[in-house]
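Chemist: Kindly return the folded structure for what I paste below:
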Amino acid sequence: MNAFAWFFLSLYGRVSRQEFWLGYVGIVVVALILARALPYQSGALYFIFDDVPRDGASQSASFWLGWPELISLVLTWPVIAIYAKRLHDLNLSAWWLLLLPAVTFAVGLSVFNRLDVAGYCLLLLVLGFLPGTSGPNRFGEDPRARPQGAKPASDR
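Modeler: Residues are numbered from 1 along each chain as shown. So this is what the prediction gives:
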(Lines give C-alpha, C1' and ligand atoms only; values in the text may rest on other atoms or scores of the structure.)
Protein backbone atom coordinates (compact mmCIF):
# COMPACT_ATOMS: atom_id res chain seq x y z
CA MET A 1 0.00 0.00 0.00
CA ASN A 2 1.47 3.36 -0.95
CA ALA A 3 1.88 6.16 1.58
CA PHE A 4 -1.06 8.21 0.29
CA ALA A 5 -3.51 5.30 0.54
CA TRP A 6 -2.11 4.31 3.93
CA PHE A 7 -2.51 7.84 5.27
CA PHE A 8 -6.09 8.39 4.14
CA LEU A 9 -7.57 4.88 4.11
CA SER A 10 -5.82 2.72 6.71
CA LEU A 11 -6.69 2.57 10.39
CA TYR A 12 -3.28 1.15 11.32
CA GLY A 13 -0.16 2.96 12.43
CA ARG A 14 0.62 6.34 13.94
CA VAL A 15 0.94 9.90 12.69
CA SER A 16 2.60 12.91 14.27
CA ARG A 17 0.84 16.17 15.07
CA GLN A 18 2.28 17.78 11.95
CA GLU A 19 1.07 14.94 9.71
CA PHE A 20 -2.33 15.10 11.41
CA TRP A 21 -2.76 18.83 10.76
CA LEU A 22 -1.53 18.56 7.17
CA GLY A 23 -3.97 15.73 6.45
CA TYR A 24 -6.88 17.35 8.25
CA VAL A 25 -6.41 20.75 6.60
CA GLY A 26 -5.95 18.98 3.25
CA ILE A 27 -9.30 17.22 3.64
CA VAL A 28 -11.02 20.48 4.63
CA VAL A 29 -9.53 22.25 1.59
CA VAL A 30 -10.66 19.45 -0.73
CA ALA A 31 -14.17 19.63 0.79
CA LEU A 32 -14.32 23.39 0.32
CA ILE A 33 -13.10 23.20 -3.28
CA LEU A 34 -15.61 20.47 -4.14
CA ALA A 35 -18.46 22.29 -2.39
CA ARG A 36 -17.65 25.44 -4.33
CA ALA A 37 -17.11 23.74 -7.69
CA LEU A 38 -20.14 21.44 -7.71
CA PRO A 39 -23.67 22.77 -8.24
CA TYR A 40 -25.83 22.71 -5.15
CA GLN A 41 -29.41 22.45 -6.41
CA SER A 42 -29.09 20.88 -9.83
CA GLY A 43 -26.83 18.07 -8.64
CA ALA A 44 -29.21 16.77 -6.01
CA LEU A 45 -30.39 13.19 -5.78
CA TYR A 46 -33.93 12.70 -4.57
CA PHE A 47 -35.26 9.61 -2.89
CA ILE A 48 -39.03 9.67 -2.54
CA PHE A 49 -40.93 7.31 -0.33
CA ASP A 50 -44.69 7.34 -0.77
CA ASP A 51 -46.62 6.43 2.33
CA VAL A 52 -50.31 5.94 1.99
CA PRO A 53 -52.05 6.60 5.30
CA ARG A 54 -55.08 4.60 6.37
CA ASP A 55 -57.48 7.39 5.46
CA GLY A 56 -56.46 7.05 1.81
CA ALA A 57 -54.84 10.48 1.48
CA SER A 58 -51.54 10.37 -0.36
CA GLN A 59 -48.61 11.66 1.63
CA SER A 60 -45.08 11.71 0.31
CA ALA A 61 -41.92 12.18 2.28
CA SER A 62 -38.71 12.95 0.45
CA PHE A 63 -35.14 12.42 1.51
CA TRP A 64 -32.81 14.87 -0.16
CA LEU A 65 -29.15 14.12 -0.71
CA GLY A 66 -27.16 16.85 -2.47
CA TRP A 67 -23.50 17.41 -3.27
CA PRO A 68 -22.53 18.72 0.20
CA GLU A 69 -23.92 15.60 1.82
CA LEU A 70 -22.18 13.32 -0.69
CA ILE A 71 -18.88 15.16 -0.15
CA SER A 72 -19.26 14.70 3.60
CA LEU A 73 -19.97 11.00 3.19
CA VAL A 74 -16.97 10.44 0.92
CA LEU A 75 -14.56 12.37 3.16
CA THR A 76 -15.75 10.78 6.42
CA TRP A 77 -13.51 7.71 6.10
CA PRO A 78 -10.26 9.66 5.53
CA VAL A 79 -11.04 11.81 8.60
CA ILE A 80 -11.71 8.69 10.68
CA ALA A 81 -8.45 7.14 9.44
CA ILE A 82 -6.42 10.22 10.42
CA TYR A 83 -8.17 10.45 13.81
CA ALA A 84 -7.51 6.75 14.46
CA LYS A 85 -3.81 7.02 13.68
CA ARG A 86 -3.49 10.10 15.87
CA LEU A 87 -5.21 8.29 18.75
CA HIS A 88 -2.75 5.45 18.21
CA ASP A 89 0.09 7.94 18.59
CA LEU A 90 -1.40 8.87 21.97
CA ASN A 91 -1.42 5.11 22.79
CA LEU A 92 -5.22 5.01 22.73
CA SER A 93 -7.45 2.66 20.80
CA ALA A 94 -9.39 4.04 17.85
CA TRP A 95 -12.52 2.56 19.42
CA TRP A 96 -12.65 5.78 21.48
CA LEU A 97 -13.98 7.44 18.33
CA LEU A 98 -17.29 5.67 18.94
CA LEU A 99 -17.89 8.08 21.80
CA LEU A 100 -18.52 10.89 19.28
CA PRO A 101 -21.77 9.50 17.83
CA ALA A 102 -22.87 8.42 21.31
CA VAL A 103 -22.30 11.92 22.70
CA THR A 104 -24.00 13.47 19.67
CA PHE A 105 -27.04 11.23 20.18
CA ALA A 106 -27.18 11.94 23.91
CA VAL A 107 -26.89 15.68 23.32
CA GLY A 108 -29.67 15.47 20.74
CA LEU A 109 -31.93 14.10 23.46
CA SER A 110 -30.97 16.84 25.92
CA VAL A 111 -31.44 20.60 26.10
CA PHE A 112 -27.76 21.36 25.40
CA ASN A 113 -27.78 22.36 21.74
CA ARG A 114 -24.11 22.90 20.98
CA LEU A 115 -22.42 20.48 23.34
CA ASP A 116 -21.71 18.09 20.47
CA VAL A 117 -19.90 20.83 18.53
CA ALA A 118 -17.85 21.59 21.64
CA GLY A 119 -17.00 17.87 21.89
CA TYR A 120 -15.75 17.76 18.31
CA CYS A 121 -13.70 20.91 18.85
CA LEU A 122 -12.22 19.45 22.03
CA LEU A 123 -11.31 16.24 20.18
CA LEU A 124 -9.65 18.26 17.44
CA LEU A 125 -7.62 20.21 19.99
CA VAL A 126 -6.59 17.08 21.90
CA LEU A 127 -5.53 15.25 18.74
CA GLY A 128 -3.85 18.26 17.25
CA PHE A 129 -1.86 19.56 20.21
CA LEU A 130 -1.10 16.76 22.69
CA PRO A 131 2.26 15.14 22.02
CA GLY A 132 2.25 11.44 21.27
CA THR A 133 4.05 8.77 23.23
CA SER A 134 7.80 8.68 22.78
CA GLY A 135 9.24 5.60 21.18
CA PRO A 136 7.33 2.63 19.83
CA ASN A 137 4.02 1.66 21.38
CA ARG A 138 1.52 -1.14 20.71
CA PHE A 139 0.38 0.59 17.51
CA GLY A 140 3.73 1.01 15.82
CA GLU A 141 6.93 3.01 15.70
CA ASP A 142 7.23 6.63 16.75
CA PRO A 143 6.36 8.82 13.73
CA ARG A 144 8.86 11.45 14.89
CA ALA A 145 11.63 8.85 14.76
CA ARG A 146 11.02 8.08 11.08
CA PRO A 147 13.56 9.65 8.74
CA GLN A 148 12.12 12.55 6.74
CA GLY A 149 10.49 11.24 3.59
CA ALA A 150 10.52 7.62 4.75
CA LYS A 151 7.49 5.51 3.98
CA PRO A 152 5.38 4.73 7.08
CA ALA A 153 4.77 1.17 8.19
CA SER A 154 2.14 -0.58 6.15
CA ASP A 155 -0.92 -2.44 7.47
CA ARG A 156 -0.23 -5.32 9.75
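Chemist: So what touches the host helix or strand of Val28?
Modeler: When secondary structure is defined using DSSP states H and E, the element that contains Val28 is helix 17-37. Helix 17-37 is contacted by residues 7-8, 15, 67-68, 71-72, 75, 78-79, 82, 85-86, 124, 127-132, 143 when judged by C-beta atoms under 8 Å, 6 or more residues apart in numbering. All C-beta atoms are positioned from the backbone trio N, CA, C, and that covers glycine.
Chemist: Show me which of those are buried.
Modeler: Neighbour-count burial within the contacts of helix 17-37 applies to 7-8, 15, 67, 71, 75, 78-79, 82, 85-86, 127, 132, 143; the criterion is 16 or more other C-beta atoms under 10 Å.
Chemist: Tabulate these in a markdown table, adding columns for secondary structure.
Modeler: Compiled in a markdown table, these are given as follows (DSSP: H, G, I helix; E, B strand; the rest coil):
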| residue | secondary structure |
| --- | --- |
| Phe7 | helix |
| Phe8 | helix |
| Val15 | coil |
| Trp67 | helix |
| Ile71 | helix |
| Leu75 | helix |
| Pro78 | helix |
| Val79 | helix |
| Ile82 | helix |
| Lys85 | helix |
| Arg86 | helix |
| Leu127 | helix |
| Gly132 | coil |
| Pro143 | coil |
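Chemist: hey, which helix or strand in the protein has the poorest pLDDT?
Modeler: Within the chain, confidence by mean pLDDT, DSSP states H and E is lowest for strand 45-51 among all helices and strands, at a mean of 46.
Chemist: For the host helix or strand of Phe105, buried residues please.
Modeler: Secondary structure from DSSP H and E places Phe105 in helix 99-109. Of the residues in helix 99-109, those buried under the neighbour-count criterion (16+ other C-beta under 10 Å) are 103, 107.
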